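A.B. asks: What would the 3D arrangement of this be:
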Amino acid sequence: MLMDRGVLVRWNDEKGFGFIQPEKNAAQDVFIHISVLKKMARKPIVGDSILFQTEVQNDGKRKAVIASIEGVAVVAASSAPRTDSHSHVQSRNENFNFNNKDKAHDHSPRKSSFNTIIPLLIIVAIVIFGFKQYQEFNEAPAIDEVPVLTNEDIQPIPMYETKVRTQATPRFQCEAGKTHCSHMSSCAEATFYIQHCPNTQMDGDDDGIPCERQWCS
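C.D. replies: Numbers count the residues shown, from 1 in each chain. Reported below is the predicted structural model:
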């Protein structure tokens with residue numbers, strides 16, 4: 001299937017979800033949860049270009065079900081479960097003990113003591129290794145289930161966050177004569193102008209959201 005492309009215009013890092021403004025059919029933003037980006041080498045940030053596929057929810061809104069951050073590496077798949085390695089070592093240890101019992105009568109008292117200590121050391125090492133793996137597994141952060149969106153979750157999120165990486169170059173620049181909503185091409189551009197350019201007339205109620213009847217509805 002072909003992937004759609006869009007820009008991440010809103011992101012709540014604490015709750016692990018945000019919204020994509022698609023290049024096509026931009027009238028409705030697409031919901032995205034951190035769980036569909038868990039294989040990315042880093043977390044998403046506002047301004048990232050996202051490749052995604054969507055499905056329509058029961059309320060008619062769209063959400064991303066497959067997604068990746070364009071230009072960001074994918075983390076390799078995890079190795080085989082630890083229990084397999086643990087079981088293999090334990091099986092070898094049991095065979096080793098069994099063979100030692102068969103040959104016990106042929107060894108001197110000194111060799112018998114030596115052969116008894118070695119399995120004990122191996123068992124202790126296995127127990128310590130298993131305990132450490134258990135601790136690491138419990139301390140690993142669990143991925144929250146995808147939340148059901150409510151108006152209380154959506155309304156406090158700003159339409160476009162201005163926090164960007166210091167290395168990123170601005171997407172827009174102030175141009176003389178562009179002061180009204182009719183001069184803008186998107187909500188992102190209108191937001192940039194009211195924050196960085198003088199003499200703009202696009203935020204009549206001074207709530208920080210410009211062009212609410214046109215671009216930022």
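A.B. asks: What pLDDT is listed against Gln21?
C.D. replies: In this model, Gln21 is scored at 92, pLDDT.
A.B. asks: nearest residue to it other than its sequence neighbours?
C.D. replies: Nearest non-adjacent residue to Gln21, counting by Cβ to Cβ, 6 or more residues apart in numbering: Val9, 4.6 Å away. Where C-beta positions appear, they are placed from N, C-alpha and C, glycine not excepted.
A.B. asks: Just confirm the one you found is within a helix.
C.D. replies: No. Val9 is assigned strand when assessed by DSSP: H, G, I helix; E, B strand; the rest coil, not a helix.
A.B. asks: helix or strand right after the lowest-mean-pLDDT helix or strand in the chain?
C.D. replies: None of the helices or strands of the chain scores lower by mean pLDDT, DSSP states H and E than helix 82-102, at a mean of 52. Elements were assigned by DSSP states H and E; along the chain past helix 82-102, the next helix or strand is helix 109-139.
A.B. asks: Helices along this structure, start to end?
C.D. replies: With helices called from DSSP state H, the chain shows them at 82-102, 109-139, 151-154, 187-196.
A.B. asks: What's the mean pLDDT across the longest one?
C.D. replies: Averaged across helix 109-139, the pLDDT comes to 84.
A.B. asks: That helix packs against which elements?
C.D. replies: Contact here means 3 or more Cβ pairs under 8 Å, 6 or more residues apart in numbering; DSSP states H and E; on that basis helix 109-139 packs against helix 82-102.
A.B. asks: do you know how far Glu136 is from Ile126?
C.D. replies: For Glu136, the distance to Ile126 equals 16 Å [Cβ to Cβ, to the nearest Å].
A.B. asks: Between the two, which has more neighbouring residues?
C.D. replies: When neighbours are counted by other Cβ atoms under 10 Å, Ile126 comes out ahead of the other of Glu136 and Ile126, with 14 against 10.
A.B. asks: now this structure, which segments are flagged as low pLDDT?
C.D. replies: For the chain, the stretches with pLDDT under 70 are 1, 76-112, 140-170.
A.B. asks: do that again at 50, thanks
C.D. replies: 78-83, 85, 87, 89, 104, 162, 164-167 (pLDDT under 50).
A.B. asks: neighbours around the residue nearest to Gln21, how many?
C.D. replies: 21.
A.B. asks: Was I right to think it contacts Val46?
C.D. replies: Yes. If you go by Cβ atoms under 8 Å, Val9 and Val46 touch, sitting 6.6 Å apart.
A.B. asks: Report the contact partners of the residue nearest to Gln21.
C.D. replies: Neighbour list for Val9: 18-21, 29, 46, 159-160, 187-188 [criterion: Cβ atoms under 8 Å, 6 or more residues apart in numbering].
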